[in-house]
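# how would this look folded up:
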Amino acid sequence: MRSWVAARHGRWLAMLVWGAWLSLAAAHAAPPPEPGFTPDPATVQRWRTGAHEGWRYPQAGWTVLHIEGPPRERGLQHGHLMAAEIAAYIRALSEYWGPKAPPAAWARNRAVSRQLFLKGFPAEQMQEMQGIADGASAAGARVPEGGRMRRLDVLDIITLNASNEIDTIQDALAVTPHAPDIRVATQQGAPAEPRPARVPRKQRPQRCNAFIANGPATADGQIVFGHITMYDLYPANFYNVWMQIQPTSGHRFVMQTTPGGMHSGMDYSINEAGMLLAETTLDQGPMVPGGTPLAARVRQAQQYADSIESATAMLTQGDNGLCSTEWVMGDLKRNEIALLTLAGGQSRLRRGSRQEWFEGAEGFYWSDNNIKEPGARLAATARRDGRPSAAAIYPPSKRDAVWLREYQAHKGRIDLDFARRLLSTPEIVSAYGIDAKYTDARLAAQLQTWGTFGPPTGTLWPPTPTEVRDHALIRPLVPNPWTLLTAQAPPAPSAGARQADRAGPRQAWRTPRPQVTPAPAPPYWQGTLLPASDADIWLSAGFAKLERVLAGLAAPAEPGEPRSHPHDNLGVELAYYRSVHGLGARAGDDRPLAATRPHMGDAHGYHVATAKGTLFLAALRDIVGAAAFDAAMRAYGRQHDGKQVDSRAFQAFLQTHTRYSLGPLFDWWMQQPGLPMLAVAGAESRAVGSGWETLVTLDVSRMGPVLAVPVTVETAAGDVTQTQVFDAEHPWIRIRTAQRPRRVVVDKHGVTPRGNGSPFTILTLDDELEKALIVYGTAGEEAGNHEAARVLQTALRRREHNVLPPIKADHEVSDDELRRHHLLLVGRPGTHRVSQRLAGGLGVRFGTASFTVRDRLFTDPDSAVLAAGDNPLDARYSVVLVAGLGSLGTYQVAGKFSEELLSYAPIVVLAHGRPVMELVPPLPELTVAPAFK
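Numbers count the residues shown, from 1 in each chain. All right, here's what the predicted structure looks like:
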């Protein structure tokens with residue numbers, strides 16, 4: 001009894017404090033930094049249901065919507081007021097899921113919603129969604145079905161609200177034991193595991209950034225809260241609804257949503273009980289059959305939660321596992337913040353009140369789609385086919401580093417200005433940012449937030465040619481000014497003419513057959529390894545990464561995939577890891593594998609260890625022999641799946657599969673930075689019988705104790721390549737050819753894990769675009785080169801990081817500027833003064849109207865080449881040549897940076913009318929003419 005009285009007294013005291021705090025907040029709210037917004041009465045639309053009225057009006061790119069009353073009445077208001085947008089959003093989702101057969105895609109996902117979601121919504125939510133469907137249908141919204149137009153029903157609204165979950169089903173099924181048979185219409189396709197060098201061509205948009213801060217992190221100790229939504233362009237056009245819901249039970253709340261949304265699918269919401277909720281999407285974990293839809297749980301938390309405990313309970317209870325998310329949460333009453341990982345059976349809550357911070361960032365939680373909880377990471381990558389995962393290690397992203405850097409720089413000073421500045425920073429916004437919102441305790445207590453709809457960096461997001469082809473109604477995303485969203489009641493209605501340009505609901509689609517997604521390639525070996533210590537991170541990550549490479553190389557080529565020599569394919573894959581390692585090493589982050597020390601803010605350190613570990617395993621495979629090594633890895637993966645592994649035990653295991661002593665080799669790779677260096681000590685050829693014999697000797701002093709290296713002898717009849725394991729006792733190889741040798745090339749295709757040559761590929765600069773400079777040629781084809789430079793600039797901004805590299809003409813750029821940047825040189829050397837100086841060592845020879853790559857001549861004016869290498873003025877940076885044999889070729893190849901085509905290759909040839917060719921150029925230092933005896 002005494003504890004009940006104390007609890008009751010505590011609740012009354014909390015309510016009194018909360019009420020007093022609200023009064024103070026209202027009385028002392030800081031004046032807005034910009035003039036307040038008053039809706040134009042002529043733009044206001046209203047819909048009354050009995051005693052309750054809903055309304056909407058436009059505000060700086062947003063549609064502000066208010067609904068109130070019992071569930072069905074709220075839904076009717078919503079449906080009537082947003083009918084045109086609801087119909088258009090259904091069309092957009094249908095085309096997004098199935099651009100070749102939108103009605104079939106919508107019908108398929110309605111069936112999925114019936115199977116998975118229909119019975120998971122409480123009665124109140126079902127009544128509201130039925131009201132939305134009825135209201136929209138009464139206002140004219142229709143959906144095509146079976147050659148006719150039908151009214152909307154509640155299943156349409158459920159499908160719309162569950163769209164985020166539908167998008168994750170295929171990924172979830174791939175990691176769900178005993179997964180049910182569920183067929184989803186989605187253009188995402190099966191959860192592909194592309195070869196690492198091709199990841200940029202396959203990447204899905206990053207989805208969201210969020211932060212919440214208080215206490216020692218903020219200027220006044222109170223909460224500051226912000227969020228950015230990221231998504232694909234077509235659906236993103238509909239994410240501009242700022243809705244206030246005033247229910248008859250629960251709490252009044254505001255949220256960002258879509259037409260027809262009954263929860264904040266973005267997610268960003270504030271309720272009058274003082275709860276702030278925002279999330280970012282994570283890599284998808286397993287689904288929980290029979291669970292409650294996330295849409296239903298989110299809405300419950302938005303409407304009914306009044307504490308971090310209650311919000312957590314509502315979000316986690318009955319979790320169906322779909323749409324794994326990370327939630328930043330704030331409780332204004334208690335001035336408490338928290339971070340919830342919502343991932344089915346791997347959910348975990350971290351609370352500021354328990355001092356559960358990451359990397360010592362007191363008073364600060366950030367979320368950027370990167371799973372912080374190890375259990376959730378492993379669950380999201382534990383594929384049913386047993387494919388290895390590198391998820392035992394946290395992979396820091398560039399955004400992680402920026403969040404932690406900005407926290408450290410502004411700790412104790414975080415406020416609204418900090419939020420606006422950071423949420424407009426290209427590194428945080430990325431190329432997929434579609435909005436930004438932020439608030440603090442004073443504004444949030446009044447359900448107010450600052451927001452901008454459109455790219456927060458203030459740049460236009462135009463659709464790509466493919467998007468225009470697939471989506472007739474797609475529009476560019478245009479930046480809008482920041483505005484204070486208050487959901488204030490609009491002025492009284494004004495008499496006058498009806499709006500002449502108000503949209504009416506319409507639906508119509510083409511009806512081709514849906515596309516079929518090919519099945520993913522089977523794993524090359526299985527098992528996920530957990531590192532026993534930091535010094536074993538390389539093994540865990542490399543085991544998974546090398547499997548991706550080998551599985552991809554063994555799989556059938558996808559339609560449209562570049563066709564290259566098998567050795568070139570492997571060379572490009574290893575070039576990717578050499579580039580990752582080399583970029584980090586040249587930035588000063590190289591270290592021995594045994595000295596690896598992970599940190600959430602150190603992306604370079606993680607990538608250096610992962611890349612070097614992958615290259616080490618590739619070297620071991622060449623030494624042990626592919627068949628024996630692969631069999632050993634399959635056995636090792638089965639024996640150690642889900643277990644901790646250490647490097648020395650792995651060495652002992654692998655030693656039983658080879659005659660070469662691995663102890664010195666492991667010591668060399670583990671205890672020193674860098675990669676093996678190759679050198680040619682000599683090459684001699686002599687006639688032997690009816691053919692020729694060439695003796696090639698390598699300088700083995702800097703390549704480690706032992707290394708397998710391919711050596712090629714080029715003749716008029718073709719190449720003869722042999723691979724040998726070189727060491728101090730066997731530094732030479734004899735190669736017989738039928739024809740007289742022309743040249744000897746060591747590691748011609750770049751398949752040896754080596755440190756020779758430039759680490760740069762055409763895309764290595766992707767993560768350092770803020771250090772890039774575009775220089776176009778004016779010595780010829782000036783107008784075409786300039787236009788190509790502009791296309792390239794836009795394409796690079798759209799790739800990921802939303803950075804707009806500057807453009808300069810070749811005659812106006814200084815040597816100091818050339819020295820301090822990654823250079824993108826637009827125009828072949830004959831048209832470009834800087835290309836003439838700096839692009840001579842990239843493996844491409846130019847004539848006046850031709851170019852040659854590895855003895856293959858290209859002459860069509862529309863052919864083009866991309867080639868990368870060291871910046872001769874400072875090898876810390878790269879040079880990327882973007883060059884066609886005519887203005888059109890240069891213009892077209894510059895635009896390829898915006899398409900899902902390019903990979904991490906040092907050279908990409910786009911020959912007119914031919915498949916794309918990717919390769920690693922032979923190194924001059926490893927190419928010699930033999931001496932004849």
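# Which SSE is immediately downstream of the stretch of helix or strand residue 635 belongs to?
Under the criterion of DSSP states H and E, residue 635 resides in helix 626-640. Once the chain leaves helix 626-640, the next helix or strand it forms, by DSSP H and E, is strand 644-645.
# List the buried residues for the helix or strand immediately after that next one in the chain?
Sequence-wise, the next helix or strand downstream of strand 644-645 (DSSP H and E) is helix 647-655. Within helix 647-655, the residues that qualify as buried are 647, 650-651, 653-654, counting by 16 or more other CB atoms under 10 Å. Where C-beta positions appear, they are placed from N, C-alpha and C, glycine not excepted.
# Now the helix holding residue 635 - C-alpha only, CSV.
In CSV, the C-alpha atoms belonging to helix 626-640 read as follows (Å, rounded to 0.1, in the frame of the first residue of the first chain):
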residue,chain,number,x,y,z
ALA,A,626,42.5,-23.0,-55.2
ALA,A,627,41.0,-26.5,-54.8
ALA,A,628,42.7,-27.3,-51.6
PHE,A,629,42.1,-23.9,-50.1
ASP,A,630,38.5,-23.8,-51.0
ALA,A,631,37.9,-27.2,-49.5
ALA,A,632,39.7,-26.1,-46.4
MET,A,633,37.6,-22.9,-46.1
ARG,A,634,34.4,-24.9,-46.5
ALA,A,635,35.5,-27.2,-43.7
TYR,A,636,36.6,-24.3,-41.5
GLY,A,637,33.4,-22.4,-42.0
ARG,A,638,31.3,-25.5,-41.0
GLN,A,639,33.4,-26.1,-37.9
HIS,A,640,33.5,-22.5,-36.7
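# Could you find the closest non-adjacent residue to residue 322?
residue 165 (4.0 Å; CB to CB, 6 or more residues apart in numbering).
# err, residue 569, not the other one
Nearest to residue 569 is residue 553, by CB to CB, 6+ apart, at 5.7 Å.
# For the residue nearest to residue 322, give its distance to residue 186.
Separation of residue 165 from residue 186 (CB to CB, to the nearest Å): 11 Å.
# Residue 755 too?
42 Å.
# Which one of those two is surrounded by more residues?
Between residue 755 and residue 186, residue 186 has the larger neighbour count (other CB atoms under 10 Å), namely 21 against 18.
# just checking, the more buried one touches residue 167?
Yes: under the criterion of CB atoms under 8 Å, residue 186 makes contact with residue 167 at 6.1 Å.
# Pop out the phi and psi values for the spatially closest residue to residue 629 that is not a sequence neighbour.
Distances taken as CB to CB, 6+ apart place residue 621 nearest to residue 629, at 4.2 Å, with adjacent residues excluded. The phi and psi values for residue 621, taken as degrees, to the nearest 10, are phi -60, psi -40.
# residue contacts, residue 621?
Residues in contact with residue 621 (CB atoms under 8 Å, 6 or more residues apart in numbering) are 546, 629-630.
# rewinding a little: including pLDDT and distance to residue 293, could the buried residues of helix 647-655 go into JSON lines?
As requested, those are exported to JSON lines (pLDDT from 0 to 100; distance: CB to CB, whole Å):
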{"residue": "647", "pLDDT": "97", "distance to residue 293": "45"}
{"residue": "650", "pLDDT": "98", "distance to residue 293": "44"}
{"residue": "651", "pLDDT": "97", "distance to residue 293": "49"}
{"residue": "653", "pLDDT": "98", "distance to residue 293": "46"}
{"residue": "654", "pLDDT": "97", "distance to residue 293": "48"}
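# how about those in CSV, adding distance to residue 876?
As requested, the buried residues of helix 647-655 are arranged in CSV below (distance: CB to CB, whole Å):
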residue, distance to residue 876
647, 31
650, 34
651, 34
653, 39
654, 36
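# nearest to residue 96, of those?
residue 650 (44.9 Å; CB to CB).
# what helices or strands is whichever strand or helix holds residue 710 leaning on?
Assigned by DSSP H and E, residue 710 belongs to strand 706-715. Judged by 3 or more CB pairs under 8 Å, 6 or more residues apart in numbering; DSSP states H and E, strand 706-715 is in contact with helix 603-624, strand 691-698, strand 718-727, strand 732-737, strand 741-746.
# Apply 6 Å and report the result again.
Applying 3 or more CB pairs under 6 Å, 6 or more residues apart in numbering; DSSP states H and E, one finds that strand 706-715 makes contact with helix 603-624, strand 718-727, strand 732-737, strand 741-746.
# quick one, which of the ones you listed is nearest to residue 403?
When the helices and strands packed on strand 706-715 are compared by CB to CB, helix 603-624 sits nearest residue 403, at 11.7 Å.
# Could you tell me the angle between the closest one and strand 718-727?
With axes from the mean of the first three to the mean of the last three CA atoms, to 10 degrees applied, the angle from helix 603-624 to strand 718-727 works out at 100 degrees.
# next one: helix 603-624 to chain centre, how far?
23 Å (CA atoms, centre = their mean, to the nearest Å).
# Now that helix: average pLDDT?
Mean pLDDT, computed over helix 603-624, is 94.
# And for stretch 223-230?
97.
# and it, C-alpha only, in CSV?
Extracted in CSV, the C-alpha atoms of stretch 223-230 (Å, rounded to 0.1, in the frame of the first residue of the first chain):
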residue,chain,number,x,y,z
ILE,A,223,16.7,18.0,-25.7
VAL,A,224,17.6,18.8,-29.3
PHE,A,225,16.2,16.4,-31.9
GLY,A,226,16.6,16.1,-35.7
HIS,A,227,16.0,13.8,-38.7
ILE,A,228,16.6,13.4,-42.4
THR,A,229,14.6,11.1,-44.7
MET,A,230,16.3,9.4,-47.5
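# mind checking how far that stretch is from the chain centre?
Distance, centroid of stretch 223-230 to centroid of chain: 18 Å (CA atoms, centre = their mean).
# same thing with stretch 885-892?
Counting by CA atoms, centre = their mean, stretch 885-892 comes out at 30 Å from the chain centroid.
# just stretch 747-754 next, same as before
Relative to its parent chain, stretch 747-754 has a centroid offset of 29 Å by CA atoms, centre = their mean.
# Repeat that for stretch 871-882.
On CA atoms, centre = their mean, the centre of stretch 871-882 falls 26 Å from the chain's centre.
# and the closest residue to residue 115 other than its chain neighbours, how many neighbours does it have?
Nearest residue to residue 115, sequence neighbours excluded (CB to CB, 6+ apart): residue 182, at 6.9 Å. Neighbour count of residue 182, defined by other CB under 10 Å: 17.
# can you give me phi and psi for residue 182?
Main-chain torsions, residue 182, degrees, to the nearest 10: phi -130, psi 120.
# What ranges does the stretch 451-600 of the chain have for its helices?
For the stretch 451-600 of the chain, the helices defined by DSSP state H, counting those that start in this stretch occupy 465-470, 537-554, 566-586.
# show me where the stretch 701-850 of the chain has helices.
Using DSSP H, counting those that start in this stretch, helices in the stretch 701-850 of the chain cover 782-799, 815-819, 833-838.
# Could I get those in a markdown table, plus columns for mean neighbour count, mean pLDDT and distance to residue 867?
Output for the helices of the stretch 701-850 of the chain, formatted as a markdown table (neighbours: other CB atoms under 10 Å; pLDDT from 0 to 100; distance: least, CB to CB, whole Å):
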| stretch | mean neighbour count | mean pLDDT | distance to residue 867 |
| --- | --- | --- | --- |
| helix 782-799 | 21 | 91 | 15 |
| helix 815-819 | 14 | 97 | 17 |
| helix 833-838 | 21 | 96 | 10 |
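# Near residue 596, how many residues? Count them for me, please.
Counted with other CB under 10 Å, residue 596 comes out at 24.
# Out of the buried residues of helix 647-655, which is nearest to residue 804?
residue 647 (43.5 Å).
# So for stretch 238-248, what gets flagged as buried?
For stretch 238-248, by 16+ other CB under 10 Å, it's 238-247.
# Then stretch 592-602?
Buried-residue list, stretch 592-602, by 16+ other CB under 10 Å: 592-594, 596, 600-602.
# Inside strands: which ones of those?
Using DSSP state E, the subset of these located in strands is empty.
# With distance to residue 835 as new columns, can those residues be given to me in JSON lines?
Shown next, in JSON lines, are the buried residues of stretch 592-602 (distance: CB to CB, whole Å):
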{"residue": "592", "distance to residue 835": "38"}
{"residue": "593", "distance to residue 835": "38"}
{"residue": "594", "distance to residue 835": "43"}
{"residue": "596", "distance to residue 835": "39"}
{"residue": "600", "distance to residue 835": "40"}
{"residue": "601", "distance to residue 835": "37"}
{"residue": "602", "distance to residue 835": "35"}
